[in-house]
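> Could you look at this predicted model? Sequence included:
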Number of protein chains: 2
Amino acid sequence: MTEPGPDEVMDHLVQVSFTVMALLSRAAAAHDLSLTQLRALAILRDRTPKMAELADYLGLDRSSVTGLIDRAVKRGLVRREASEDDGRAVRVGLTDQAHRLAGELGAEIATLLAPLTHDLSPAERNRLGVLLGRMLPPER
Amino acid sequence: MTEPGPDEVMDHLVQVSFTVMALLSRAAAAHDLSLTQLRALAILRDRTPKMAELADYLGLDRSSVTGLIDRAVKRGLVRREASEDDGRAVRVGLTDQAHRLAGELGAEIATLLAPLTHDLSPAERNRLGVLLGRMLPPER
DNA sequence: GGATTTGATTGGTAGTACCAACTAGATTAG
DNA sequence: CTAATCTAGTTGGTACTACCAATCAAATCC
């Protein structure tokens, strides 16, 4: 019973992913951020990449990132700094305000996502974590 | 070892969700569809809802769905039909062409997502499916 | 040192999604 | 049974997202 066929596993994965994204969007929207801005915030939490690197992380065109960062700068979330080694390159980093915001958001997201695994026992949650971990690319 | 803390489980869940979404976007883009259009396509595969119902399924404002369906109609993917019981309401359904497209896309998506669980044994995949299934709302 | 490559931005286009305002059909109340 | 209200959907306006092609300046190659 309740044995999911191979397609059903993928279907569940897609369903859950959409649910997660909806929750993330909601958390972001509560602070007037788009999902992309949320991602950028998360990435910049522990990095100070050049624009091109950020674009790669986000999987976006460079020109898209320019606008994204423009708006973030206007909101006082991001700072542009000239790169030391390369006169063309620009490094982007979070402002203190953004670091605080990222912290809050992290907590809020954890709270929002928690109900998802409400029906799972601690052991099951653990197993889920392990399985999901093995679906991610090595390194990171 | 490799025992994920509670936050790490959520983190993995978010990471995997982003990966899934990126793959879905890619599959959709290959057919010049947005992620939202892909979702709509999936929803309309086995339903012929009124606009408002579709908006609820998608979690979008009604006015957003109007434009979405406008563009889909223009592409010959969707048909608008007057509702029998309500003169104001509009039912939307896929054209034959869209049904075919949805079939193709389903197969392509399965292929794209398959590598994700490449490192999991069949038994593990099964367990994953069960766990994910329990994270979805009952019914549907 | 001049040609080419690279990092980032600009301009233009199309799609997404929202809100507020509106129209037309349905429902309710007096 | 008509008038007031409500509901379904669209329209218009705004802001954001994301892309491509073109541009500018700094860096690298030959």
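That came through fine. Numbering: from 1, shown residues only, chains lettered A, B, ... in the order given.

> Any idea how many residues pack against residue A:97?
Residues near residue A:97, counting by other C-beta atoms under 10 Å in any protein chain shown, number 12. To be clear about C-beta, it is placed using only N, CA and C from the backbone, and glycine gets the same treatment.

> How about the contacts made by it?
By C-beta atoms under 8 Å, 6 or more residues apart in numbering or on different chains, residue A:97 lies in contact with A:76-77.

> what about residue A:57, neighbour count?
If you count neighbours by other C-beta under 10 Å, residue A:57 ends up with 16.

> Quick check: nearest residue in space to it, chain neighbours excluded?
In this structure, residue A:57 finds its nearest non-sequential neighbour in residue A:43, 5.0 Å apart by C-beta to C-beta, 6 or more residues apart in numbering or on different chains.

> Secondary structure class of the most centrally placed residue in chain A, three-state.
Geometric centre of chain A, nearest residue: residue A:39, 3.4 Å, by C-alpha atoms, centre = their mean. Of the three states, residue A:39 takes helix under DSSP: H, G, I helix; E, B strand; the rest coil.

> I'd like the distance between the nearest residue in space to it that is not next to it in sequence and residue A:137.
Closest residue to residue A:39 apart from its sequence neighbours, by C-beta to C-beta, 6+ apart: residue A:58 at 6.1 Å. As judged by C-beta to C-beta, to the nearest Å, residue A:58 and residue A:137 stand 16 Å apart.

> Could you pull out the helices in chain A for me?
A:6-29, A:35-44, A:51-58, A:62-74, A:96-113, A:122-133 (DSSP state H).

> mind giving me TSV with the ones you listed and columns for distance to residue B:92 and mean pLDDT?
Formatted as TSV, the helices of chain A follow (distance: least, C-beta to C-beta, whole Å; pLDDT from 0 to 100):
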stretch	distance to residue B:92	mean pLDDT
helix A:6-29	20	92
helix A:35-44	26	96
helix A:51-58	33	96
helix A:62-74	31	96
helix A:96-113	31	95
helix A:122-133	35	95
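
> Turn these into JSON lines, columns for distance to DNA strand D.
Shown next, in JSON lines, are those (distance: least, C-beta to the nearest atom of the strand, whole Å):
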{"stretch": "helix A:6-29", "distance to DNA strand D": "9"}
{"stretch": "helix A:35-44", "distance to DNA strand D": "4"}
{"stretch": "helix A:51-58", "distance to DNA strand D": "7"}
{"stretch": "helix A:62-74", "distance to DNA strand D": "3"}
{"stretch": "helix A:96-113", "distance to DNA strand D": "14"}
{"stretch": "helix A:122-133", "distance to DNA strand D": "23"}
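
> how about the ones you listed in CSV, adding distance to residue B:111?
Formatted as CSV, the helices of chain A follow (distance: least, C-beta to C-beta, whole Å):
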stretch, distance to residue B:111
helix A:6-29, 10
helix A:35-44, 26
helix A:51-58, 25
helix A:62-74, 27
helix A:96-113, 29
helix A:122-133, 21
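
> Between residue A:58 and residue A:137, which is the more surrounded one?
When residue A:58 is set against residue A:137 and neighbours are counted by other C-beta under 10 Å, the residue ahead is residue A:58, at 15 against 8.

> Okay, that one and residue A:81: tell me how far apart.
19 Å.

> If we ignore the residues flanking it in sequence, what's nearest residue A:20?
For residue A:20, ignoring the flanking residues on the chain, the nearest one in space by C-beta to C-beta, 6+ apart is residue B:17 at 4.0 Å.

> for DNA strand C, what are the nearby residues on chain A?
Applying C-beta under 7 Å from any atom of the strand, we find that chain A lies next to DNA strand C at A:50-53, A:62-63, A:65-67, A:69-70, A:80, A:83, A:86, A:88-91.

> For the buried ones among these, write the corresponding ChimeraX selection.
In ChimeraX syntax, the buried subset of the residues of chain A next to DNA strand C is picked out as below (16 or more other C-beta atoms under 10 Å in any protein chain shown):
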select /A:50,51,53,65,69,90,91
